[in-house]
Structures are given as structure tokens and as C-alpha cells.
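Enquirer: got a structure for you, letters missing:
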Ligand code: AMP
């Protein structure tokens, strides 16, 4: 099964994605995570991408598109859940062309709805566990408050992403996400149109519920 997941930063997309990928044993391909691996490993690609990421800008397409399409081939042969890509209309078109050229079926597209102001507060409270980025920890959400300064799931050390604490960078990321002309919502709606033609299924979820209720709604709509 191949799935795309859309949602603003802070919508719980990573958490829900992780639950879905576990259920269907999919490769969880996160474009932002691939960039962070490159930055951590000090690769040339990582060094090129870092300045864009720190500012909250998109990394240019000539770096991002080949990187993601290559990862789908190398890691995604047994099914994938793609998160963080496409983030623009251009990326959506390139992805769709590549899938068609390779005869890869896109099964589901998931869109998580969340108002911009709610998303911003959630991002600033988000903490990353050193053992697993998808262990949910957020100092502003009671249900997933860390255990002191440690991960509530495994007790690992927590840290905050620099781009999560910078209101300017958050604003830029959301400007890109909520842009329905050429941005990420335009990319999502590109697939919504394809779903209307029967090319895939498009599921919409309300991101303001609890992690458990969103998960139940989501899994009930998947096979
Ligand atoms: P994320 O972890 O999804 O919030 O991504 C972190 C950062 O990586 C973004 O703010 C962008 O700078 C960069 N990035 C991730 N995915 C993409 C993409 N599809 N296109 C361009 N830049 C991206």
C-alpha cells in the first residue's frame, strides 16, 4: 500500500503516520527526516539544505525532488507512507509523473485539517525524543506532556528543533502549507482532483481531536 499524508506542521501528521506505517508495515519516508539525517551525517546535501531549513524555507526542488524519488525506489518497494512531500504544486506534478512512469499505484491520500493558530502553538510545544522522533511529546498538550524533561514513551532525552522555536520560521512554513495556489494545500488538492477521477482515495481528518480518536477514525477508513 502507498499513502501520502498532508497536514500542517503541528497537526499530528508524524504521529498518525507512524501508527499507519506500523499497521501496514510501510516504509515511513519523511522528507524533513531525510534532510536531518544528511545534516547529522555532515553530507554535502545536508550542508546545502541546512540554511534553507533553518530559515523555514523550502529546500530547492533540484535537491529535494530527486532525493525523495530515489528514496521511494530504494526504501519503498514494499509500500510507503510519504510525509512532508510534496509540499508544492510542482512537486505534486513531478511525483505523479514519476509514479505513472514507474506504474506505481497511489492508494490513499490523507489530509489532516488544523487551523493555523492551533498548529503554531502545538509546534512550539513539541519535543523530539532522541530514540524515536515519533514518540509524541508536547509541553502544551496535556495528553502527551513529557515525563519531566524526559520522553513520556521511553524516558529518552528530549530536545526542541531550532526551527520549531522560531516564530518567523514557523510562519514561513505555514505560509507555504496553507497556500492553495502553488503551496502544499495546492498539492493536496491536486490529488483530491485525481481522487475524484478514481485514481486514489482521499481521506480528510479533523486534527483537533485526541491522538486516539483521530487514529480510530483514520484506521476505520483504511482496509
Ligand atoms: P519537516 O520535518 O517536514 O517540518 O521539514 C523540515 C524542513 O525540511 C522544511 O521546513 C523544509 O525546509 C525542508 N523540507 C522538507 N520537506 C521538503 C520538501 N518537500 N520540499 C522542500 N523542502 C522540504
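Expert: In hand now; what should we look at? In this text, all values refer to a predicted model and were calculated from it rather than measured experimentally. Numbering: from 1, shown residues only.

Enquirer: all helices for this structure, in order.
Expert: For the chain, the helices defined by DSSP state H cover 13-24, 31-40, 44-55, 61-75, 89-101, 116-125, 167-177, 184-196, 211-221.

Enquirer: of all the ones you listed, which lies closest to the ligand?
Expert: Checking the helices of the chain against the ligand by C-beta to the nearest ligand atom gives helix 31-40 as the closest, at 2.0 Å. C-beta coordinates here come from the backbone N, C-alpha and C atoms, glycine included.

Enquirer: any buried residues in the closest one, and which?
Expert: 31, 32, 34, 35, 36, 38, 39 (16 or more other C-beta atoms under 10 Å).

Enquirer: so which of these reach the ligand?
Expert: 31, 32, 35 (C-beta under 6 Å from any ligand atom).

Enquirer: need the residues you listed in a markdown table with distance to residue 149, can you?
Expert: Listed next are those as a markdown table, based on distance: C-beta to C-beta, whole Å:
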| residue | distance to residue 149 |
| --- | --- |
| 31 | 29 |
| 32 | 24 |
| 35 | 26 |
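
Enquirer: which one of those is nearest to residue 74?
Expert: residue 31 (14.3 Å; C-beta to C-beta).

Enquirer: that closest one against residue 84, yeah?
Expert: Yes - the criterion here is C-beta atoms under 8 Å, and residue 31 meets it with residue 84 at 3.9 Å.

Enquirer: and residue 156, how many residues sit next to it?
Expert: Per other C-beta atoms under 10 Å, the neighbour tally for residue 156 reads 16.

Enquirer: among the helices of the chain, which is nearest residue 1?
Expert: helix 13-24 (5.2 Å).
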